[in-house]
Structures are given as C-alpha cells and as structure tokens.
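Asker: Provided below for reference: sequence and predicted model.
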Amino acid sequence: MAIPVQSMTGISNARLNVEMNTTSFQKKSRSKLLSIPGTRPSFQNGQLLVSTGTTSLDYVIGGGLAVGTLLLIEEDVFDSYSHMLLKYFLAEGIVCSHSFLIASAGEHPDDILQGLPAPVLDDVPKDEIGKINQRRENDVSEESQDSMKIAWRYQNQPKVQTVLAASSRFGHYYDASKQMSAETFESAEYYPFYLPAEVHLKYSVSSNIHIGYIKLLRFIQGVIHKEGFDRACPQSKTRNILRIGIHSLGSVLWGDDICCKDDPLYAYSLTKFLYGLRGLLRTSLSVCMVTVPSHLIQNKAIMGRVTNLCDTVIGIKSFNGSEKDANDLYKDYHGLVCVKKIPYLNSLICELPDTRDLAFKLKRKQFTIERLHLPPDLSDTVSRLNKQDLAESSKLLRMGCGAAATGKKHLDF
Amino acid sequence: MLSEVITGSEGGEGFVLIKDCVQCGGRGLLKSFIKAALLRNETVHVFEFEISQEEMYSGLTDGTSSSLVFHNGYTDPLNWISNEKPFDFSIQSIKSQIDQSKDKESEAKNVILVLDSLSWLLHHIPITDVCQLLQEPKRKESTVKRIIALMHSELHDQGIVGSVSHMANTVVTLSPIPEFTTVNWEVDPYAIGETVQRKKSGKVNREEECYTVQKDFSLIIHHDLHNRKQAIPKPDNTAQVDPAANLTFNLRLSEEERHAKERLSLPFTFSEKKKHSILQPRPGGGKIVYEPDAQDDFDEEDPDDDLDV
C-alpha cells in the first residue's frame, strides 16, 4: 500500500545537470528558480510553491500550492469554512505582497477584501510550538513515572501526533477574529471582478459558454498580459505572483444552471471555463483558488469533470447543524477535510498524504487541519453498541467478573 | 428564535425564505412578518400572485396600511381580462415599480420586499434572474434591505430549492406537527418551524419551534417541543448491583498483603536493565517483511470478534 514518496529527487538533479559546467561538481543550487517573496521551491520536484495561507493545508497538499496550478475547494453547505479558506489564501497574498484578483458574483470583492483576517505577525505560533513540545515532555515525564508494567514493550511507541506541520515554517498565521487593517491591503495590487458590474442582469450564452465566464476569462487574461505575470515574455522588472480567488464558481449567480437542473442546458460551460483558466495559469506566474458549491450541483458527472480539470481538490464538510455534531468522535472538530486530488507535477507520482482521515477545527485564532485520531475509548461496552443482543446475553456472565474489573478501583486481582 | 427573526432584533436583514408544504401553509407566518414590519413603521412592498388584495389586507389594515404598497399580480397577470398593460414579471420591472413608489413618497426610506410567492416567480422567469433579485439586499446602493419570500418547496426540483435556500440568510422550513404527540397544549400549535440562520461571520444557528399565528398575526411560540424532546427518558445505568457486595471470600488486601504482593516478581517480568536493553533499537535489528503467499489462508472475518476489549 505505502508507496515510497521520497523517490522523486532525481528530477531536479536531472534538470540541473543539463547546464553542464566545466567541472562535474556543482553546488546544488536553485538558481534557475525565480526568487519571489512568499515562495519556496518544493522539496519533491523543485516546483515553485506558495502558501495557501493555512499552514496545515499546505502540509496536506504536499508543502504548498505550486505556481501555475488550480486549487478547488468544495464548499461546505453554509459556505462558512470554505469562504474562510479563500480569505486566508488572499490574506497570505497581501502579507507576501503578491498581487491578487478577486472574482465574485455574490458578495462584492471589496467586501471580501475588507473581511480578510489580520495576520499574526509576532511569533506566537513559535511559542505555541514550544508549549506543545513542553507539554509533550511533560507527558513523557508523567508516563515514565507510572511506566507500563505489563505492556512495557509499547513504552517507546510514539504518541499519535494530530497536528500537521512541516519542519520549516512557511506561510503565516491569521487571527480570524480580527480584520486586516486598511493600510495593510491598500498598498497591495488588487484587481476586483464583480460579475453584476460587468454583465448587466440579462445573461446570455454564446458558443455554449456563459457570458459571465467569458468576461472573467478575458479579465484574467488582460491582467496577466498587461501587468506582466506572463511567463512567456520575460521582463526586466521584478516578477511577482498573481493570486486569483474565485468565489462560488458555478452557482446560480454566475448565470449557470448546473446547480438547479439534472440536465443543464450547457453542461460544458463550466468545464470550458476551467480549461481556459488552466491554460492561462500554466503560462503565467499565478495561482488560483476556486470554491465551488459542489453539494448543490445535481449532476455528479459534472463534478467529476470539474475535479478532473483542477490540479488539487479539497472537500470540506462542516458539522454545522448536522447530526454528526453529536458524535463523540467529532466533538473536538468543526468538520472533515477530504483530499480528493493531488497534482502530479513533473513526476509520475504525487505526494501522498500519510492519512486520509483529516478533520479541521477553527480555534479563535486559526484554522487547522489535523489527523482525525480516535481517543482510547474507556467506556464499558465499546464494541457492543451495534450488537445489542449479544450484549444482553453476555450480561449475566459479565455480572460475575467483567463489570467488576472495569470500573471498581478497590478490587485487586 | 422565530420571533426574534420576525421582530428583526436578531439579524433579520437580508433574505428571509419561508418554505412551506401542503399540510401547513406559510402565509400566516408571512403575514405576521408583514404586520411586525408595519408596526415598526417600515415601508413594505408586497408582490402578490396568489391571493386577492382584500384577502391580503384583511387583518393587516387597521390604520397602519399607509406604508403597505400592494402590487397586484393576482387578478389579471397575463392580461386576459382587460387591455391594460400586462404585469411584467421581469426583475427590472419589479425594481422600477419599487423605485416609482419611492419617488412618490420622496423618502429615502429602506424598503421591505415581500414576494408571495416565490414559486410563482420561479415558474415564470429563469432562476438566474430571480437570484439576481434575491441578491439585492446585499448590494450597498440598493434601497431594498430585506426580502421576505414564501416558497412552496414541493413545486420545485430539489436543485432549485437548494439553490434558493443557499442564497437565503434565514430559512424557515415548516413541517406539520407529528400526530403522536401526547402533550396537552393550551392552544393547538399550527406547525413546526425550523429556523436556520446564517450569520455574516459564518456562524450558523438552528432551532426548531412550534408556533401558532393568532388572529392579530402575533405569534405564540410553544416551548413544549423542546421539553418534549428532552423528556424522553434515558436508559438508567445506576441500578446495577455491586457484584462485590456480599462475597463469601476476601477481595480486599490489607496494606501488608499489598506490599507482599508487589514484592513478588512474576514470571516473565524483567529487570529495568533488561527491559531497557530490549526497548533500545539495535542497529542490526531486523524487520519482518511478510509477503502474502497464494496458499495463505486468511480468515476474512475478524478473528478477535468475540473479544470484548
């Protein structure tokens, strides 16, 4: 099952060997890569990565978002957490002084901009990590105090660590309860796209693609070409990254009917748009995050096509108001994260996450994704919940010794 | 929570959607929304497609109706009787009608738009246009600050209901009272209203309430529903007998006996040193690599099925 992940270092070496120098020895440098603030090369394949603004999400998708790729977030039912991820993505752009583009059909881009979370610029996370380490040490010391008597071979087993974090820090932390100050984002280069302002009410369809999508594609194309994010025409001035955030793509407000009907009139409208968008991204210094209300899309085949066209796909399911809320297993978390697709970039395999059971929680300060980890269940009839009759029959037996052994401390056997 | 939404004290702005069903209509609730708005002296524009003006006005017009503007889409919407201009369902016309009457009053007042019902509109104009209208309260320059719409959810596809609900800030879903209730109500409740409210911060509130609309369109909330749910008795575990109560033999240890017991070294317990040496990972330590064989007989079922751990 487990495929070795660390076998792709050869790619970057091969690329470096192309520029043969006089000596065969060469310091392994990344000189060919652009150095842009807020980016770093991938350890796996040398791709230039940017942070999504959520450190744990970066870790899940293999270190970060590669420049030129498209990340799709499948919205949760009330679009609260997916919207937050989008905001983190944009806020990270502001902090790294990247340019960014916000496209929306519902909420005005200026409103989204005003609602961006404030970065935590002091080294609070470092403190937190220190605290965690300290706590871990405490745990260890506590453990050694009452060291295991019978199952002592398990003593040195590592504890399950739920926090996902890379060894080196990349990206920033944000405080969702505070808003970014106006002077922070005023200096940033910002291109808003608000659909109702671009297209006036009467939506039309030309050549099987909705006019809103065409307008947006043209807009993005214009920004990329005019503002010099194009990779093809190298310019002397300093390069920068363009972050594109598209909110609730495919919803009714974009004029698309894939959310309402099982057999929409133009089922390929959204896919055509994504093809175009991907083409633009691949040839430019830009990254894109798109949120899609996938729970509303009636025809699952469309969602399959959309997933296929995106590079990275993350699904978000919140427990907000669902019956899962009550489940003990989920009580520490606010929802589940599902990694649906991870890109294969310049390689045959992709970075595989070590676990697919991921959950997220939103603490006052930050959004974190963690491994969903089952705490030891210490209650009486753990595995018998669905075997009620069995429990009944064995009840008499357990009355004798089993029940006594579990709960009562004053018995010594 | 329902009464807070009606009075507008708890984030009543934006788009409020009432989803009713055949068993319990939502017009009474809609009227109590209108009544509450009129009492607050707000301008209400009603676009009515399903009942006549008299029926809508009955009970509402006791001197307060000056701020209630009625747009008749009921009597002759498709121009079958008279030769007047037919009712224009397009979004532009709805907006311009609101703006016209606003000019008359020459007040820069905020407007509440009531759509009775949204189902009618959805059948006559494309959903993308309807959603543009429903988006209106979110726009800064718009005078419409609140839209209250009634929708008969059975008349539409699941997708349309979902899309419209997705746009709403508050959704009130009505469902009939289950038959088996044994609670003695003072006044018979009309229906159960499930209110789901989405805050701007992303927080979602949800509450289920029984309500009755009175003759003067005020609302009675029955709190018994909540109590009834809690009243379901939980299985009691406290009645278990202590098995160690009346034993013919001794289960307790005295302090001396305990010391004696702890001093005894059991078989297969090792000294600290030996344990340590075993726990240390040795460099030459092998790993067990097991490749399943074709002849291997694996039991599909869990072999530890009968263990209670």
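Answerer: Received, thanks.

Asker: contacting residues for B:Leu2?
Answerer: When contacts are counted by C-beta atoms under 8 Å, 6 or more residues apart in numbering or on different chains, B:Leu2 touches B:172, B:193, B:195, B:207, B:209, B:211, B:219, B:221. Every C-beta, even on glycine, is put in place using the N, C-alpha and C of the backbone.

Asker: quick check: it vs chain A, distance?
Answerer: 16 Å (C-beta to the nearest C-beta, to the nearest Å).

Asker: for that residue, grab phi and psi.
Answerer: Dihedral pair for B:Leu2: phi -60, psi -40, per degrees, to the nearest 10.

Asker: per-residue confidence for the nearest residue to A:Val120 once chain neighbours are set aside?
Answerer: Spatial nearest neighbour of A:Val120, excluding adjacent residues (C-beta to C-beta, 6 or more residues apart in numbering or on different chains): A:Tyr173 at 4.4 Å. What the model reports for A:Tyr173 is a pLDDT of 82.

Asker: ok, A:Val313 next?
Answerer: 92.

Asker: tell me what it is bridged to.
Answerer: A:Val313 has these beta-bridge partners by DSSP bridges: A:Leu72, A:Lys341.

Asker: doesn't A:Lys341 make contact with it?
Answerer: Yes: under the criterion of C-beta atoms under 8 Å, A:Val313 makes contact with A:Lys341 at 3.9 Å.

Asker: got the residues of the stretch 51-200 of chain B near chain A?
Answerer: B:91-92, B:126-129, B:131-132, B:135, B:138-140, B:157-160, B:162-163, B:166-167, B:196, B:198 (C-beta under 8 Å from any C-beta of the partner chain).

Asker: go with 10 Å
Answerer: With C-beta under 10 Å from any C-beta of the partner chain as the criterion, the stretch 51-200 of chain B meets chain A at residues B:90-92, B:95, B:122, B:126-135, B:138-140, B:156-167, B:194, B:196, B:198-200.

Asker: are any of those residues buried, and which?
Answerer: Buried members of these, counted by 16 or more other C-beta atoms under 10 Å in any protein chain shown: B:91, B:95, B:122, B:127-135, B:138, B:156, B:159-167, B:194, B:196, B:198.

Asker: so which of those residues are in helices?
Answerer: B:91, B:95, B:122, B:127-134, B:159-167 (DSSP state H).

Asker: low-confidence ranges, chain B, go.
Answerer: B:9-12, B:61-66, B:83-89, B:102-109, B:179-187, B:223-240, B:281-285, B:297-309 (pLDDT under 70).

Asker: report the central residue of it.
Answerer: With distances taken as C-alpha atoms, centre = their mean, chain B has B:Val196 as the residue nearest its mean C-alpha position (3.1 Å).

Asker: was I right about that residue contacting B:Ile18?
Answerer: No: contact status for B:Val196 versus B:Ile18: not in contact, 11.9 Å apart, counting by C-beta atoms under 10 Å.

Asker: could you pull out the strands for the stretch 151-300 of chain A?
Answerer: For the stretch 151-300 of chain A, the strands defined by DSSP state E, counting those that start in this stretch occupy A:173-179, A:190-194, A:205-206, A:209-210, A:242-246, A:286-292.

Asker: strand partners of the fourth one, parallel vs antiparallel please.
Answerer: So that's strand A:209-210. strand A:205-206 (antiparallel).

Asker: quick one: mean pLDDT over the strand it pairs with.
Answerer: 61.

Asker: got it, and stretch A:37-51?
Answerer: Mean pLDDT, stretch A:37-51: 80.

Asker: buried sites along that stretch?
Answerer: So, applying 16+ other C-beta under 10 Å, buried residues of stretch A:37-51: A:38-51.

Asker: just the C-alphas of it, formatted as PDB.
Answerer: The C-alpha trace of stretch A:37-51 is given here as PDB (Å, rounded to 0.1, in the frame of the first residue of the first chain):
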ATOM      1  CA  PRO A  37       8.900  36.700  -1.700                       C
ATOM      2  CA  GLY A  38       6.500  34.300  -0.300                       C
ATOM      3  CA  THR A  39       7.600  31.400  -2.400                       C
ATOM      4  CA  ARG A  40       9.900  28.500  -2.000                       C
ATOM      5  CA  PRO A  41      10.900  25.500  -4.100                       C
ATOM      6  CA  SER A  42       9.300  22.200  -3.400                       C
ATOM      7  CA  PHE A  43      11.400  19.500  -1.800                       C
ATOM      8  CA  GLN A  44       9.900  16.900  -4.000                       C
ATOM      9  CA  ASN A  45      10.200  18.200  -7.500                       C
ATOM     10  CA  GLY A  46      11.600  21.800  -7.400                       C
ATOM     11  CA  GLN A  47       8.300  23.400  -8.300                       C
ATOM     12  CA  LEU A  48       7.900  26.900  -7.000                       C
ATOM     13  CA  LEU A  49       5.400  26.800  -4.200                       C
ATOM     14  CA  VAL A  50       3.300  29.400  -2.500                       C
ATOM     15  CA  SER A  51       1.400  29.000   0.700                       C
END
